[in-house]
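Colleague: only geometry, no sequence info:
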């Protein structure tokens, strides 16, 4: 099929994105043909600068503008409360909830033996190092394990919890609540979710 | 919510695309953080050049690298057979079918009175002009009306057909076949599609 090179090139770029198939890539590309040039320029510039203008925070490994990031350098936040998440996007989700005033630690993955990802492949030792170094000086009170409630996420949480119990038994370790999501229907909930919801019941 | 500006800017660009919501925009943006810089540069460059390196063909109004486009300047193709479509993407779809050896005319829209789009807002007079000018010299044999089988697409086809009958009764006007799409199930077909399928039946 003969397609102008300039168009084919944009289609191919879109196709590489996750969840974007050939049809969607075509549709997005032909949509861009109607967009003013200055908006295309802005789009292009922002994509080009995405990685140049961001860094990984050397404390919590979240994607940030500065190092340390705005969370780790914020005196208003509780630096003694660390929430451990799998991905940088999880930080955004928690921030959106507006209920967390501690700091983060981004693992950039999860322990996943089937895909040969062990504790060394993710930022888990950096977490232990951070806790050890900080704990001698300041006071880390609690680690919230907010990895996903999947097989791998649970294994990762368990791995961290075990290490913490062995090395820092004085620090509280909690796991983010699991149960029915708000708006869900009990009838359609799967049995594992219901088990967790029963285990995680709270007094009314 | 505090998000690094470089990231927010890419999220906003993605959000402007059709069918891309805030969550998808976030997901795509954070995916791009793992992509090598040279691929980001290529993506950015292709978006920037999309409109700069393409033109509208002054004959058929398809999006092309050159004017006239590769279809209109191709002596191998039947220049006397014009297929009228709504959008540039439709040209790609027909080319993919590999069964059309004529040339195109892209209307860049459809007659849509509810959205106050009349025949003057789309490239319909350019089609009539093209037919008139060409017909005096060369021989246009057939116009295939391949606008979408929607209310507006049918209205547009009817408008063109009527004009052609009044002005060039010697040129054959055809409408692209409507009926059951291949792989469909008669049971689930809507009644209008079945009506058209019956009307468009062919001898076996």
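Modeller: Nice, I can see it. Computed from a predicted structure; not experimentally measured.

Colleague: Contacts only, for residue A:154.
Modeller: The contact partners of residue A:154, taken as CB atoms under 8 Å, 6 or more residues apart in numbering or on different chains, are residue A:147. Every C-beta, even on glycine, is put in place using the N, C-alpha and C of the backbone.

Colleague: same thing with residue A:70?
Modeller: Contacts here follow CB under 8 Å, 6+ apart; on that basis residue A:70 touches A:64, B:2.

Colleague: ok, now residue A:128?
Modeller: Per CB under 8 Å, 6+ apart, neighbours of residue A:128: A:163, A:167.

Colleague: Let's see that with 10 Å instead.
Modeller: A:119, A:160, A:163-164, A:167-168 (CB atoms under 10 Å, 6 or more residues apart in numbering or on different chains).

Colleague: what's the answer for residue A:179, then?
Modeller: A:149, A:189, A:193-202 are the contacts of residue A:179 under CB under 10 Å, 6+ apart.

Colleague: Just confirm it is within a strand.
Modeller: No - counting by DSSP: H, G, I helix; E, B strand; the rest coil, residue A:179 is not found in a strand; it is coil.

Colleague: Residue A:112 pairs with what?
Modeller: Judged by DSSP bridges, the bridge partners of residue A:112 are residue A:117.

Colleague: Can you check the pLDDT for it?
Modeller: pLDDT, the model's per-residue confidence, is 93 for residue A:112.

Colleague: separation between it and residue A:90?
Modeller: 16 Å (CB to CB, to the nearest Å).

Colleague: And those two? Which one has more around it.
Modeller: residue A:90 (20 against 17; other CB atoms under 10 Å in any protein chain shown).

Colleague: I figured the more buried one hits residue A:107, correct?
Modeller: Yes - contact criterion CB atoms under 10 Å: residue A:90 and residue A:107 qualify, at 9.4 Å.

Colleague: Quick check: neighbours shared by those two?
Modeller: Joint contacts of residue A:90 and residue A:107 (CB under 10 Å, 6+ apart) are A:84, A:147.

Colleague: Give the ranges of residues in chain A that sit below the confidence cut-off.
Modeller: A:1, A:135-138 (pLDDT under 70).

Colleague: per-domain residue ranges of it.
Modeller: A:5-52, A:78-185+A:191-198 (automatic domain parsing).

Colleague: Report the buried residues of the helix or strand harbouring residue A:156.
Modeller: Element membership of residue A:156 [criterion: DSSP states H and E] is helix A:151-167. Residues A:152-154, A:156-157, A:159-160, A:163-164 are the ones in helix A:151-167 that count as buried (16 or more other CB atoms under 10 Å in any protein chain shown).

Colleague: Check stretch A:187-198 too.
Modeller: A:189, A:193, A:196-197.

Colleague: OK, contacts around the most centrally placed residue in chain A?
Modeller: Residue closest to the average C-alpha location in chain A (CA atoms, centre = their mean): residue A:87, at 2.1 Å. By CB under 10 Å, 6+ apart, the contact list for residue A:87 reads A:62-63, A:93, A:106-110, A:147-148, B:30.

Colleague: I'd like the distance between it and residue A:110.
Modeller: From residue A:87 over to residue A:110 (counting by CB to CB), the distance is 9 Å.

Colleague: One more: residue A:31?
Modeller: For residue A:31 relative to residue A:110 (CB to CB), the value is 35 Å.

Colleague: Which parts of chain A are helices?
Modeller: A:5-15, A:22-32, A:37-52, A:88-97, A:125-137, A:151-167, A:191-199 (DSSP state H).

Colleague: on that earlier part again, take the contacts of residue A:87 and, keeping just the buried ones, write it as a ChimeraX select command.
Modeller: Selection of buried members from the contacts of residue A:87 for ChimeraX, criterion 16+ other CB under 10 Å:
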select /A:62,63,106,107,108,109,110,147,148 /B:30
